[in-house]
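1. Show me how the following folds:
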Amino acid sequence: MLCPQCKHDNIKVLESRDTDNGIAVRRRRECEKCGYRFTTFERIESGNFLVIKKDETREPYDREKLKRSIWISCGKRPVSQSLIDETINELEQKWQSEGKEIASAMIGNDVMDKLKNIDEIAYIRFASVYRNFKDLETFKNELISFLHQS
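-> Next up is the predicted model:
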């Protein structure tokens, strides 16, 4: 590992602790050359499955891509980063048990199910992008359906 400040390769670990319910390790590090301190996270690689897109193409699962889309939905909402991380961890465990290839439709529906219980506005935002509503009427029907379920 290289120091992000001076690119020196002699880094020492100052402190390690488990995070995300033991799924990841947080390490405080210090460069022995310039003294710059920084934090790294190590987690078990969960992205060892492929996502089958709507057009039948496949791409590697990307945790950061999913996290970004959830955060966009949760923008300016009272949702913590730890709750989002915990939610993604739960979903990844589920998807890992499904096999080596997961349909993007399953991922989208599972995320919507989780968001429905986390924050209703985030759910509607995510659904509006995921379902790609073509007009206001379709969006309105989805909203009415959601309100009847609540």
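
2. Contact partners for the residue nearest the centre of the chain?
-> The residue lying closest to the centre of the chain (Cα atoms, centre = their mean) is residue 67, at 2.9 Å. By Cβ atoms under 8 Å, 6 or more residues apart in numbering, residue 67 lies in contact with 84-85, 88. All C-beta spots, glycine's among them, are computed from the backbone N, C-alpha and C.

3. Let me have those in TSV, adding neighbour count and pLDDT as columns.
-> Converted to TSV, these look like this (neighbours: other Cβ atoms under 10 Å; pLDDT from 0 to 100):
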residue	neighbour count	pLDDT
84	20	94
85	19	90
88	18	93
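
4. Of those residues, which belong to helices?
-> 84-85, 88 (DSSP state H).

5. Put together a markdown table for these, with distance to residue 77 on each row.
-> Output for the ones in helices among the contacts of residue 67, formatted as a markdown table (distance: Cβ to Cβ, whole Å):
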| residue | distance to residue 77 |
| --- | --- |
| 84 | 11 |
| 85 | 16 |
| 88 | 16 |
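
6. All set, thanks.
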